[in-house]
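*Asks:* Fold the following.
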Amino acid sequence: MSRIGKQPVQVPAGVTVTVNGSTVTVKGGKGELTRTFSDLVKIEEEGQELHVVRVDESTASNAQQGLTRTLLHNMVIGVSDGFEKKLELTGVGYRATLKGKDLDLSLGYSHPVIYTCPENITFEVPDNTHITVKGISKEQVGQVAAEIRMKRPPEPYKGKGIHYEGEHIRRKLGKAAK
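*Replies:* Take a look at the predicted model:
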């Protein structure tokens, strides 16, 4: 049995949810998100709660019900509070600056790396070694943060590169001296 899928999604004040068949539109103070879900599950509105119900017990799985509920919950949280990921740059000369909306990264290459800002995403650079990626879609925020991290992934010998805040990089000893 799906324990997550059976829990209702609480809709906070200031957020409106429109269910049109399998398409759900969520509007809030930070923006609007629309998503089309599988026909194997049905989304029902009951006051300030949303319930995800399987249409046919034999075809829809517990995982399908739980996934739909989680995606719906992330949409509601995204338009009301938003999501953010924090990145850190570690290394001599590694720095980040904002050029308009785009991110200008100096990562030890012979050229600067420019990351263009996608729609519905904002960057904050509190200092030159920290980047904050903000947006209303949890998937998009995570994908953009992963793409920035892949510009210079952390290496295990000196720990240089871009990593998530709080991420532990396993270090290797390197060449042993004789």
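*Asks:* Would you map out the domains in this structure?
*Replies:* Domain assignment for the chain, taken from automatic domain parsing, gives 9-80, 83-164.
*Asks:* avg pLDDT for the last one?
*Replies:* The average pLDDT for domain 83-164 rounds to 94.
*Asks:* now the helices for the protein?
*Replies:* 62-80, 138-149 (DSSP state H).
*Asks:* Deepest-packed of those, please.
*Replies:* helix 62-80 (a mean of 19; mean count of other C-beta atoms under 10 Å). Every residue, glycine included, has its C-beta placed from N, CA and C.
*Asks:* what ranges do the strands span in the protein?
*Replies:* 9-10, 16-20, 23-27, 32-36, 41-46, 49-54, 83-90, 95-99, 102-106, 113-115, 121-124, 130-135, 161-164 (DSSP state E).
*Asks:* Centre of the chain to the second one, how far?
*Replies:* For strand 16-20, the distance between its averaged C-alpha position and the chain's averaged C-alpha position is 22 Å (C-alpha atoms, centre = their mean, to the nearest Å).
*Asks:* contacting residues around that strand?
*Replies:* For strand 16-20, the surrounding residues in contact (C-beta atoms under 8 Å, 6 or more residues apart in numbering) are 11, 24, 25, 26, 27, 28, 43, 44, 45, 50, 76.
*Asks:* Then stretch 123-138?
*Replies:* With C-beta under 8 Å, 6+ apart, stretch 123-138 has contacts from 28, 30-31, 33, 74, 77-79, 82-90, 94-98, 101, 103, 117, 120-122, 141, 144-145, 148, 162, 165.
*Asks:* Now the buried members of those.
*Replies:* 28, 30, 33, 74, 77-79, 82-83, 85, 87-90, 94, 96, 103, 117, 120-121, 141, 144-145, 148, 162 (16 or more other C-beta atoms under 10 Å).
*Asks:* Can you lay out the helices of the chain as a markdown table showing distance to residue 109?
*Replies:* A markdown table is the format used below for the helices of the chain (distance: least, C-beta to C-beta, whole Å):
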| stretch | distance to residue 109 |
| --- | --- |
| helix 62-80 | 34 |
| helix 138-149 | 14 |
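*Asks:* tell me the pLDDT at residue 59?
*Replies:* 66.
*Asks:* no wait, residue 175
*Replies:* Confidence score, pLDDT, at residue 175: 83.
*Asks:* Quick check: phi and psi at it.
*Replies:* phi -80, psi 130 (degrees, to the nearest 10).
*Asks:* Distance check, it against residue 157.
*Replies:* 9 Å (C-beta to C-beta, to the nearest Å).
*Asks:* what about those two, which has more around it?
*Replies:* Ranked by neighbour count (other C-beta atoms under 10 Å), residue 175 and residue 157 place residue 157 first, with 10 against 7.
*Asks:* Could you count how many residues lie near the residue lying closest to the more buried one once chain neighbours are set aside?
*Replies:* The shortest distance from residue 157 to any non-neighbouring residue, by C-beta to C-beta, 6 or more residues apart in numbering, is to residue 174 (5.2 Å). A count of nearby residues for residue 174, using other C-beta under 10 Å, gives 9.
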